[in-house]
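> here is the input, now give the coordinates:
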Amino acid sequence: MLVSLAFIPTAEAGDRKLTIEPLYGVETALVRYPEPPRYVSRATYGARALYGTNLLSAELEFTEAHSRKDYPTLNQQVVDKAQRLALGVRSTIGLGSYLGVYGRLGGRAAQLESTVTTAGISETHKEELDVQPYAGAGLQLAFAANFALNAGVTLIRNSNDQYDSQYTLGLTARIGSL
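I've put the predicted structure just below:
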């Protein structure tokens, strides 16, 4: 689950605003080593910035994820690292005073690296920069004048024509104005 804390300035529906969300959570991603490729769940962290109105905002996000898997019977260790930069749009629609839904759509560039250590000998595999489309949706529930709880899922189409996923749970705090 991805936990985010956002500092959202006060704005009327037509005004533009800047939102910054530090991120931490869990993702499911495809890793290639050792063969055959498989899915792993791992921690991810980073930051997201939104600029625009509730109805349409530009979204910029940077995340990094690490995972490690040991194979004692093979005397092997695999460390995977992923750095991603996403650019897209996000739209939030209010369904009353306390409830809203959001959708997000865009593309992200991913730089993946795997280090395989077998019997003390390391080999690093760096994949070419890969651009992947993503789409997601979520629910926002306001529980006080300055706070809201967010939950959502984002699907990312990877280079193997399969889907990676990020599940989100976040807290939004509104502070001041810009």
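
> quick one: low-confidence parts of this protein?
Within the chain, the stretches with pLDDT under 70 are 1-14, 145-146, 170-178.

> without its sequence neighbours, what residue ends up closest to the residue lying farthest from the centre of it?
Using C-alpha atoms, centre = their mean, the residue of the chain lying farthest from its centre is Ala119. It sits 34.3 Å away. Residue nearest to Ala119 in three dimensions, not counting chain neighbours: Asn75, with 5.0 Å by C-beta to C-beta, 6 or more residues apart in numbering. (Glycine included, C-beta is placed from N, CA and C.)

> and that neighbour, how many neighbours?
When counting by other C-beta atoms under 10 Å, one arrives at 11 neighbours for Asn75.

> next one: it from Gly120, what distance?
Look at Asn75 and Gly120: by C-beta to C-beta, to the nearest Å, they are 8 Å apart.

> before we move on, what about Thr19?
To Gly120, Thr19 is 47 Å away according to C-beta to C-beta.

> neighbour count winner among the two?
Ranked by neighbour count (other C-beta under 10 Å), Thr19 and Gly120 place Thr19 first, with 21 against 7.

> any idea whether Thr73 is helix, strand or coil?
helix (DSSP: H, G, I helix; E, B strand; the rest coil).

> hang on, isn't Glu59 packed against Gly106?
Yes. Counting by C-beta atoms under 8 Å, Glu59 touches Gly106, with 6.3 Å between them.

> now list whatever residues contact both of the two.
Ala86, Leu87, Gly88, Val89 (C-beta atoms under 8 Å, 6 or more residues apart in numbering).

> surely the first one touches Leu50?
No. Counting by C-beta under 8 Å, Ala86 stays clear of Leu50, with 11.7 Å between them.

> and for these two, which residues touch both?
Glu59.

> what's the offset of stretch 66-78 from the middle of its chain?
25 Å (C-alpha atoms, centre = their mean, to the nearest Å).

> ugh, wrong one, I meant stretch 65-75
Stretch 65-75 has its C-alpha centroid displaced from the chain centroid by 24 Å (C-alpha atoms, centre = their mean).
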